[in-house]
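A.B. asks: model this:
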Amino acid sequence: MTTQTATPPPDRVAARPGVGRDVLLDLIRSGAIALVVVQHWLMPVITRDGAALVAGNALSAPGAWAWTWVGQVMPLVFFASGAAAAISWARTSAKGGDAAGWLVGRLHRLVLPVAALVVVWLPLPVVLLALGVPGQPLHLAASTVPQLLWFLVVQLILVALTPLTVALHRRFGLAVLVPLVVGAAAVDALRFAGVPLVGYVNAVLVWVAVHQVGVAYADGRFAATGRRGAALAGVVGLAATAALVGFGPYPASMIGMPGAPVSNMSPPTLCLVTLAIAQLGFLFALRPALVRFATWRPVERGLTVLAPRTMTVFLWHMSALVVGVGVLTLAFGSHTPDPFGPLWLAGAPLWIAGLLAALVVLVRAFGSLETRSAAAGRRGAHPVAVYVGLVLAAAGMLGLAARGFAPDVDAGLLAVVAEPAVWSAVVAVGYLLATRGFTVPRAATRASRRPARA
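C.D. replies: Residues are numbered from 1 along each chain as shown. The predicted structure follows:
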């Protein structure tokens, strides 16, 4: 089997849109994050049950599941992340950098922006409780905002695996996908046979598979794929997804629905792999038009602003939503109109505009943490410190995602802060250990880089 190297030759790099940055990747990643933000802003259906707020999902309306086949874009996000990580790692290794030092740079960009979220949200429930904000709405908000940290946990896992996945791609090419896809199908079979917890193994297998497609893209694997071939792949992926839903135990919605017994998203199922094939196939078929669109001056300027700040936008867009819901429900005593009704449709642009204004303020305040850390790295970082720190940071963020910033507002102010403070401390210790921990002696580092003599 012949394979391609992870660093494409100069002519192939030039053939791809952009040499320093791939504009198609920027468009996919930024467009996917923007779509996630808008969907999250439009999905909540907030109603009142006495003093309590109840959050429903607009996409649980009849027939709305069909939109999720387009709107479920997390496979595209992980694809773009895989390609970007592979390109970054190839450049670092070509300059003689090591995996540990490269991982430190990625950790800076992924974990440092979380620090601002923690600094704001850790004391915020205490302050709002003291100001008289009702406990139940506060609990809902403080539990919802950090749920999206699951994405960073997966990202940390994928980043840690990137040197390995790139090496496997160099050796086996697209054949690496076979055991991942077969494994995901086997996990689904066990899950639906009555072993539900095993499904969380697919949080690794499914997303690593999609990430691996990004690694292949970065290597130029799909550069020679014509529009017809890409469109055919899209049709095959779409047909496979339809078959899994139509003849298998998979739900029609590609996102989790309130009260649904099974979710394709939490944990992810094989459907998201076939959906990724469909989405990427159609996107590659439209690649010339998409590249022209991405290089149109207004879009190019938008990508210049958004692409380096996608993590900040992702982390803070739910905080902007909390501000909007708070104003709507607590200040004005109103609620969400009936989804897709005339009032809902008429008010959606104004709702989006208001939340966007809040998000712009938040991104301007905290976006520099992401942009300044983008090129951060560290030579001589000790691999043990880096990987242990990465595991701790991931564990802390997983705890925050699962428990929230205010797990029990009825247990007193101390209890409100105690548990999220512990998880936040775990993130901080992991980050500091990985980025400021002990180092490999320079002599040992130089010796490891010397070519072996016969």
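
A.B. asks: Disregarding residues adjacent in the polypeptide, which is nearest to the residue positioned nearest the centre of the chain?
C.D. replies: For the chain, F151 is the residue whose C-alpha lies nearest the centre (Cα atoms, centre = their mean; 4.2 Å). Leaving out its chain neighbours, the residue that sits closest to F151 by Cβ to Cβ, 6 or more residues apart in numbering is F314, at 7.0 Å. Every C-beta, even on glycine, is put in place using the N, C-alpha and C of the backbone.

A.B. asks: T47 looks like it's in a strand, true?
C.D. replies: Yes - counting by DSSP: H, G, I helix; E, B strand; the rest coil, T47 falls inside a strand.

A.B. asks: So for it, what pLDDT did the model give?
C.D. replies: Looking at T47, its pLDDT is 86.

A.B. asks: residues touching it, list them.
C.D. replies: L53, V54, G56, H335, T336 (Cβ atoms under 8 Å, 6 or more residues apart in numbering).

A.B. asks: follow-up on the earlier one: so the residue nearest to F151 sits right up against H40, yeah?
C.D. replies: No - using Cβ atoms under 8 Å, F314 is not in contact with H40, being 9.7 Å away.

A.B. asks: which of these two has more neighbours?
C.D. replies: Each of F314 and H40 has its neighbours counted (other Cβ atoms under 10 Å); F314 has more, 20 against 17.

A.B. asks: Spell out which helix or strand contains that one, please.
C.D. replies: helix 310-326 (DSSP states H and E).

A.B. asks: can you check L35 too?
C.D. replies: helix 23-42.

A.B. asks: Work out the gap between that helix and the centre of the chain.
C.D. replies: 11 Å (Cα atoms, centre = their mean, to the nearest Å).

A.B. asks: Residues touching it, excluding its own?
C.D. replies: Contacts for helix 23-42 (Cβ under 8 Å, 6+ apart): 16-18, 58, 71, 73-74, 76-77, 79-81, 83-84, 283, 287, 290-291, 293-295, 299-300, 302-303, 306-307, 310, 313-314, 317-318, 320-321, 324, 348, 351-352, 355, 359.

A.B. asks: List the contacts of the residue nearest to the centre of the chain.
C.D. replies: By Cβ under 8 Å, 6+ apart, the contact set of F151 is M74, V77, F314.

A.B. asks: Out of these, flag the one nearest to A167.
C.D. replies: V77 (23.4 Å; Cβ to Cβ).

A.B. asks: any idea how far that closest one is from P308?
C.D. replies: From V77 across to P308, the span is 16 Å (Cβ to Cβ, to the nearest Å).

A.B. asks: which of the two has more neighbours?
C.D. replies: Using other Cβ under 10 Å, the more surrounded residue of V77 and P308 is V77, with 24 against 18.

A.B. asks: how close does the more buried one get to G229?
C.D. replies: Separation of V77 from G229 (Cβ to Cβ): 24 Å.

A.B. asks: And for L321?
C.D. replies: 40 Å.

A.B. asks: And those two? Which one has more around it.
C.D. replies: The neighbour comparison of L321 against G229 (other Cβ under 10 Å) goes to L321, with 23 against 14.

A.B. asks: for the more buried one, what are its contacts?
C.D. replies: H40, W41, P44, L355.

A.B. asks: okay, it: pLDDT?
C.D. replies: pLDDT at L321 comes out at 96.

A.B. asks: What of the one 3 residues further on?
C.D. replies: At G324 the predicted local confidence, pLDDT, stands at 94.

A.B. asks: State the number of residues packed around it.
C.D. replies: G324, neighbours per other Cβ under 10 Å, totals 20.

A.B. asks: And for G226?
C.D. replies: Using other Cβ under 10 Å, G226 has 10 other residues around it.

A.B. asks: thought L177 was touching Q212?
C.D. replies: Yes - taking contacts as Cβ under 8 Å, L177 lies within contact range of Q212: 5.9 Å.

A.B. asks: need the strands for the stretch 51-200 of the chain, in chain order.
C.D. replies: All strands of the stretch 51-200 of the chain, identified by DSSP state E, counting those that start in this stretch, fall at 52-57.

A.B. asks: Any regions of it where pLDDT drops low?
C.D. replies: For the stretch 51-200 of the chain, no stretch is flagged by pLDDT under 70.

A.B. asks: Would you state the helices of it in chain order?
C.D. replies: According to DSSP state H, counting those that start in this stretch, the stretch 51-200 of the chain carries its helices in the segments 65-71, 74-94, 99-121, 124-130, 135-144, 149-172, 177-192.

A.B. asks: Distance to L24 added to those, as TSV?
C.D. replies: Output for the helices of the stretch 51-200 of the chain, formatted as TSV (distance: least, Cβ to Cβ, whole Å):
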stretch	distance to L24
helix 65-71	18
helix 74-94	9
helix 99-121	21
helix 124-130	39
helix 135-144	33
helix 149-172	19
helix 177-192	21
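
A.B. asks: can you give me the helices for the stretch 351-454 of the chain?
C.D. replies: Going by DSSP H, counting those that start in this stretch, the stretch 351-454 of the chain shows helices at 368-372, 383-403, 413-436, 442-449.

A.B. asks: And these: which comes nearest A203?
C.D. replies: The nearest among these, by Cβ to Cβ, is helix 383-403 at 10.4 Å.

A.B. asks: What residues of the closest one count as buried?
C.D. replies: By neighbour count on 16 or more other Cβ atoms under 10 Å, the buried set for helix 383-403 is 385-401, 403.

A.B. asks: and that helix, what does it pack onto?
C.D. replies: Contacts defined by 3 or more Cβ pairs under 8 Å, 6 or more residues apart in numbering; DSSP states H and E place helix 383-403 against helix 99-121, helix 149-172, helix 413-436.

A.B. asks: which residues touch it?
C.D. replies: 99-100, 103-104, 107, 111, 114, 118, 143, 146-150, 152-153, 156-157, 159-160, 419-420, 422-435, 437-438, 440.

A.B. asks: measure stretch 239-257 end to end?
C.D. replies: Terminal residues of stretch 239-257 lie 23 Å apart, using Cα to Cα, to the nearest Å.
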